[in-house]
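Chemist: 3D, please:
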Amino acid sequence: MSNDQTHTPAVPAVIDRFEGAVAVLLVGADQQVVDVPRDQLPRDAQPGQWLRVVWDGDAIRQITLDHDATAAAQQRIATKLARLRRGDHLREP
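Modeler: Take a look at the predicted model:
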């Protein structure tokens with residue numbers, strides 16, 4: 001490995017679902033659909049979890065779980081569900 005390699009930033013992705021041996025990811029801000037062999041993911045990866053993906057051209061160099069982004073997404077969902085259960089969406093603004 002040479003010292004002149006440029007640093008490739010990690011891109012956020014969420015695991016949408018598994019289809020057999022394939023993981024369907026929604027990658028980046030535009031949520032581009034990317035199919036990845038499931039065995040390239042961390043062993044404990046589950047649908048709904050957020051990842052950090054580092055690309056090497058069109059190939060994936062590294063995938064790691066993003067626990068902070070997953071926790072933040074779960075909190076956003078819990079907050080929205082609580083508002084719906086309270087009926088906030090039915091009240092006049």
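
Chemist: For the most centrally placed residue in the chain, list the residues it contacts.
Modeler: By C-alpha atoms, centre = their mean, the chain has its centre lying nearest to residue 14, at 1.8 Å. With contact set as C-beta atoms under 8 Å, 6 or more residues apart in numbering, residue 14 has these partners: 25-26, 31, 48-51, 73. In short, each C-beta sits where N, CA and C put it, glycine included.

Chemist: In the protein, where's the longest strand?
Modeler: Secondary structure of the chain read by DSSP state E shows that its longest strand is strand 11-19.

Chemist: Show me which positions of stretch 53-60 end up buried.
Modeler: 53, 60 (16 or more other C-beta atoms under 10 Å).

Chemist: I should have written stretch 62-69 there, sorry.
Modeler: Buried-residue list, stretch 62-69, by 16+ other C-beta under 10 Å: 63, 65-66, 69.

Chemist: which residues of this structure fall in helices?
Modeler: In the chain, the helices defined using DSSP state H lie at 67-86.

Chemist: Could I get the contacting residues of residue 65?
Modeler: Counted by C-beta under 8 Å, 6+ apart, residue 65 has contacts 42, 44-45, 49-52.

Chemist: which residues touch the residue nearest to residue 46 when sequence neighbours are not counted?
Modeler: In space, and not counting its chain neighbours, residue 46 is closest to residue 15: 6.8 Å by C-beta to C-beta, 6 or more residues apart in numbering. Contact partners of residue 15, counting by C-beta under 8 Å, 6+ apart, are 23-25, 41, 45-51.

Chemist: quick check: angle from the longest strand of the chain to helix 67-86?
Modeler: Angle, strand 11-19 to helix 67-86, by axes from the mean of the first three to the mean of the last three C-alpha atoms, to 10 degrees: 70 degrees.

Chemist: quick one: buried residues of strand 11-19?
Modeler: So strand 11-19, judged by 16+ other C-beta under 10 Å, has buried residues 11, 13-16.

Chemist: Please tabulate those in JSON lines and include distance to residue 36 and pLDDT as additional columns.
Modeler: Below are the buried residues of strand 11-19 laid out as JSON lines (distance: C-beta to C-beta, whole Å; pLDDT from 0 to 100):
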{"residue": "11", "distance to residue 36": "13", "pLDDT": "94"}
{"residue": "13", "distance to residue 36": "9", "pLDDT": "97"}
{"residue": "14", "distance to residue 36": "12", "pLDDT": "97"}
{"residue": "15", "distance to residue 36": "9", "pLDDT": "98"}
{"residue": "16", "distance to residue 36": "11", "pLDDT": "97"}
